[in-house]
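Engineer: quick one: sequence and predicted model below, then my questions.
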Number of protein chains: 2
Amino acid sequence: MRIALLGGTGDIGEGLALRWAHDTDHTIVIGSRNEEKAQQRAEDYRETLDERDKSYDIEGTRNAAATEGADVVVVSVPPEYATDTVGAVTDALDDDAVLVSPAVRMNRDGAGFHYDQPELGSVAEEIAAVAPEQIPVVGAFQNVAAGALTNLDGDLSADIVVTGDDDEAKQTVTHLAEEIVGIRALDGGPLATSALVESVTPLLINLAMNNDGMHDLGVRFQ
Amino acid sequence: MRIALLGGTGDIGEGLALRWAHDTDHTIVIGSRNEEKAQQRAEDYRETLDERDKSYDIEGTRNAAATEGADVVVVSVPPEYATDTVGAVTDALDDDAVLVSPAVRMNRDGAGFHYDQPELGSVAEEIAAVAPEQIPVVGAFQNVAAGALTNLDGDLSADIVVTGDDDEAKQTVTHLAEEIVGIRALDGGPLATSALVESVTPLLINLAMNNDGMHDLGVRFQ
């Protein structure tokens, strides 16, 4: 499978790239608006994996080129760029591609972090609103800490919640997520429930800020 | 310690009453608008505990009488009655009482359950808005399933998140929560972050609906 990580130079993109490259034999394509930066980061990730004697298949290129031929396209850019990024790669999307939305809008005040709910309900639904009609959008990976993903020496033990309106696309993402050792993917329901998943992320940050010894927090449902 | 459970005849009230009666020697007072119902439910809870040869101290009475002399008053009524219930017991509140808010406003459509955020931010903040100024309000117990609490044969393993603006009140509730075997209480921050905690509850219900074998779900942060 070919996985494009748009904004794959950022922290969540890095974490997913390293874990997928480490735990699977999928082709990972790091996308960026800046081709040179994408290539440099792909080289950084390859070096990290070389240290572990793992084979891998990671390259870096511009977002639109990364999107071409990708089975799964993860929109791992900051939430304020999510819709513009999807708009910029629309022509490059394969007809049977799946878009994945891991981003969360948050704001912060003296009380801590808050969920900044988009008018359309969630970042996932914002992406669905600009994506071509036949391209399914799946919410996933919002609640796994980038730091926990990038630390390949750490044992990952985290649930992610998968939301979407296309069962086949959800199954693809569920399977891809669970190929990462230590991740369990649960079905959250339709895309219209994505806000509940996104809003866990600022809670995780607040908990890490307010409780000694907690960092890179994830969640387990049991 | 004397703990009043307003609306203690309902499911979360029952769960907290049984667990505190079972695991601690605190005095538990079940409150209801209907005195007879409160007494009947207290009798039901005593019978459940008799079967386990546990000593206990549970009584039932009207909400205002339950509130008198209580160190901690849990507003375990449906969210739409929370502020009216607090208004009705205000005169009975001890000066050093702590109010606890476990309720969550939710609605449901074809996609599943959603968080129905109150205009004031959360049920906890709605209660704070009607409570006397010197009475601290603490959000807690929103994310523990009533079914998991009431099943005394089940091993509880659940985190709750405690929010509030009064450190001493939060410590009281944290300690009381952790006296229930299997509960870990984490500091979520000020009361203004309570929406993040409340909004986990509809997510838990959606996950239980959409994933085989999951029921009475709680959450662990790790």
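Structural biologist: Great, that's in hand.

Engineer: nearest spatial neighbour of the residue nearest the centre of chain A, chain-adjacent residues omitted?
Structural biologist: Residue closest to the mean C-alpha point of chain A, counted by CA atoms, centre = their mean, is A:Pro102 at 4.1 Å. Nearest in space to A:Pro102, with sequence neighbours left out and distances taken as CB to CB, 6 or more residues apart in numbering or on different chains, is A:Phe141 at 3.8 Å. For the C-beta atoms, the positions are set from N, CA and C on the backbone; glycine is no exception.

Engineer: longest helix in chain A, by number of residues?
Structural biologist: Under DSSP state H, the helix in chain A containing the largest number of residues is helix A:35-50.

Engineer: picking up where we left off before, the residue nearest to the centre of chain A and A:Trp20: what is the separation?
Structural biologist: As judged by CB to CB, to the nearest Å, A:Pro102 and A:Trp20 stand 13 Å apart.

Engineer: picking that back up, how far away is the residue nearest to the centre of chain A from chain B?
Structural biologist: With distances defined as CB to the nearest CB, to the nearest Å, the gap from A:Pro102 to chain B amounts to 16 Å.

Engineer: close enough to count as contact, that residue and A:Ser76?
Structural biologist: Yes. Counting by CB atoms under 8 Å, A:Pro102 touches A:Ser76, with 5.6 Å between them.

Engineer: any shared contact partners between those two?
Structural biologist: A:Ile12, A:Leu16 (CB atoms under 8 Å, 6 or more residues apart in numbering or on different chains).

Engineer: next, count neighbours for A:Glu178.
Structural biologist: When neighbours are counted by other CB atoms under 10 Å in any protein chain shown, A:Glu178 registers 13.

Engineer: which elements pack onto the longest helix of chain A?
Structural biologist: Taking 3 or more CB pairs under 8 Å, 6 or more residues apart in numbering or on different chains; DSSP states H and E as the contact definition, the neighbouring helices and strands of helix A:35-50 are helix A:11-23, strand A:27-32, strand A:58-62.

Engineer: burial count for the residue nearest to A:Tyr115 when sequence neighbours are not counted?
Structural biologist: With sequence-adjacent residues excluded and distances taken as CB to CB, 6+ apart, A:Tyr115 is closest to A:Ser199, at 3.9 Å. A total of 28 residues lie near A:Ser199 under the criterion other CB under 10 Å.

Engineer: what's near enough to touch A:Ser199?
Structural biologist: By CB under 8 Å, 6+ apart, A:Ser199 lies in contact with A:Val104, A:Tyr115, A:Gln117, B:Tyr115, B:Ala195, B:Leu196, B:Ser199.

Engineer: now the third one: how far from B:Ala64?
Structural biologist: What it means is A:Gln117. With distances defined as CB to CB, the gap from A:Gln117 to B:Ala64 amounts to 38 Å.

Engineer: ok so, going back, can you list the helices and strands packed on helix A:35-50 in CSV and add mean pLDDT and distance to A:Glu178?
Structural biologist: Conversion of the helices and strands packed on helix A:35-50 to CSV gives the following (pLDDT from 0 to 100; distance: least, CB to CB, whole Å):
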stretch, mean pLDDT, distance to A:Glu178
helix A:11-23, 97, 10
strand A:27-32, 98, 17
strand A:58-62, 98, 21
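
Engineer: what's the most buried one of those?
Structural biologist: Highest mean neighbour count of the helices and strands packed on helix A:35-50: strand A:27-32, a mean of 27 (counted as mean count of other CB atoms under 10 Å in any protein chain shown).

Engineer: quick one: it to chain centroid distance?
Structural biologist: Remark: strand A:27-32 is offset 12 Å from the chain centroid, using CA atoms, centre = their mean, to the nearest Å.

Engineer: helices and strands around that strand, which ones?
Structural biologist: Using 3+ CB pairs under 8 Å, 6+ apart as the contact test, the elements touching strand A:27-32 are strand A:2-6, helix A:11-23, helix A:35-50, strand A:58-62, helix A:63-67.

Engineer: quick one: closest of these to B:Thr85.
Structural biologist: Proximity to B:Thr85, assessed across the helices and strands packed on strand A:27-32 by CB to CB, is greatest for helix A:11-23 (42.9 Å).

Engineer: contact partners of that closest one?
Structural biologist: A:3, A:5-8, A:26, A:28, A:30, A:41, A:45, A:48-49, A:52, A:54, A:56-58, A:74, A:76, A:102-103, A:141, A:144, A:146-150, A:152, A:156, A:176, A:179-181.
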